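Asks: Would you be able to build a 3D model of this:
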Amino acid sequence: TDAYSEDTTSQSALILSKNLSASKVLVIEDNPSTQTVLGRLLNLINITNVSFAADGVEGLKQTKEFKPDLIILDITMPRMDGYEVIQHLKADKETNTIPVLIQTASDNRETREKTFRAGATDFITKPINPLEFFSRVRVHLENRLLVRNLTEQLEQIESELHAARRMQIDMLPTDKTLKTIRESYQLDIAHYFAPSSLLGGDFWQVIPISNTKIAFYICDFSGHGVASALNTFRLHALVSQNNKRLVSPAEFLTQLNRQMHSLLPRGQFATMFLGIFDKRQKKLVYAGAGAPNPILIRRKKQTFLHAEGMPLGILPKPIYHDNTLKILKNDILLLYSDALTESITQKGTRLGLPAFQKLVAKNTQIPDTNDALNSLLQGFFKLAPPPPPDDVTAVLLKWE
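Replies: Numbers count the residues shown, from 1 in each chain. The predicted structure follows:
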């Protein structure tokens, strides 16, 4: 260190000391004099949390206990040399990401190549050049801190996304709610929801209006992921605020569109199908806003409920129309997201509506609605293996 001015060394040390003082460094070195030099150099850059090991065996033990942010490792040591130490470190998932700075007196091409092939992060030769030492320590500790910070941020984001997913799932009808609906309205409902990422833009809900009337809807926001999921929360809030006005599906969609048009950024929109069932009159009134046309299965025959309408949020004043359907016992209605017809099959082609209808015909004859829907989805995923390109939602309603 005498070969370098005290001012230069101190200035370099000052630059590093600000962010690296909390770092932990393990020095695995059998020479006490070299240990002392390395310890003093680390102290100059305000790294005081330093541990020492005199050979590789002790070094591996201290790595487990001390959990260093950087290991400074000698190659030639008793009991276990540096190459063996690296081999053990890289084989353990708890230690394989710790940067390893090799310091050795042997400075030749063969040694360097062997060192890096073994898995070392960096290489420095003896006698130690303080400024070079400071620079290499800085790079690897700062990288370590950066990775740690990024990992913590990603863990925080993932935790928040999981919390948002739980909230999104909690917005869906519970099994208890569906059981009550079945008893009160003679309407059996099975459902499936799986976002293509952690969060999705699909959503469905059922809303009892009175003792004789119940509403249900399915919606799909453009895109998927966080932005679409946030929009489902918006829609759920708007529907909850206005569900007392659920008399005409077309009028309700008109009102929703007015609110969504002012809330949604340009380019975002939602498709939606909304129906109101009156069990006293055995009548279903429905309207659509660009959603896939639901499939009615009656006596093994399929019919589409055409409910044309502009998706919500695109135009300020689109026109929606009410449609009426007389409901018979054992009628089945399938609501579904477009991922069920637009996913890519194993052959590399789009599944398409005809192929999906064949799946519907084959599986909706199963008496139990949950079994029927599960079988339908198994057939779908067999033809179009996951992960799907978009959120998958399906709701199967059967009137008893």
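Asks: Could you check how far residue 245 is from residue 238?
Replies: 11 Å (CB to CB, to the nearest Å). To be clear about C-beta, it is placed using only N, CA and C from the backbone, and glycine gets the same treatment.
Asks: Same drill for those two, tell me which one is more crowded.
Replies: Neighbour totals were compared for residue 245 and residue 238, and residue 238 leads with 16 against 10 (other CB atoms under 10 Å).
Asks: show me the contacts for the more buried one.
Replies: By CB atoms under 8 Å, 6 or more residues apart in numbering, the contact list for residue 238 reads 256, 259, 260.
Asks: Which of the helices and strands in this protein ranks last by mean pLDDT?
Replies: Taking mean pLDDT, DSSP states H and E as the measure, helix 6-20 is the helix or strand of the chain with the lowest mean score, a mean of 54.
Asks: Now do the strands in the stretch 101-250 of the chain.
Replies: Secondary structure of the stretch 101-250 of the chain, counting by DSSP state E, counting those that start in this stretch: strands at 122-125, 187-194, 202-208, 213-221.
Asks: Chain neighbours aside, what residue packs nearest to the spatially most central residue of the chain?
Replies: Closest to where the C-alpha atoms of the chain average out (CA atoms, centre = their mean) is residue 198, at 3.6 Å. Take residue 198 and drop its neighbours on the chain: the residue closest to it by CB to CB, 6 or more residues apart in numbering is residue 161, 4.8 Å away.
Asks: Residue 53 versus that neighbour, what's the distance?
Replies: Distance from residue 161 to residue 53, by CB to CB: 41 Å.
Asks: More neighbours: which of those two?
Replies: Legend: neighbour count by other CB under 10 Å for residue 161 and residue 53, higher for residue 53 (24 against 16).
Asks: is it true that the more buried one touches residue 26?
Replies: Yes. Using CB atoms under 8 Å, residue 53 is in contact with residue 26, at 6.7 Å.
Asks: gap between whichever strand or helix holds residue 272 and the chain center?
Replies: Assigned by DSSP states H and E, residue 272 falls within strand 270-278. Mean C-alpha position of strand 270-278 versus that of the full chain (CA atoms, centre = their mean, to the nearest Å) differs by 29 Å.
Asks: Stretch 67-82 now?
Replies: Centre-to-centre, stretch 67-82 and its host chain are 39 Å apart (CA atoms, centre = their mean).
Asks: Also stretch 81-97?
Replies: Worked out by CA atoms, centre = their mean, stretch 81-97 lies 31 Å from the chain centre.
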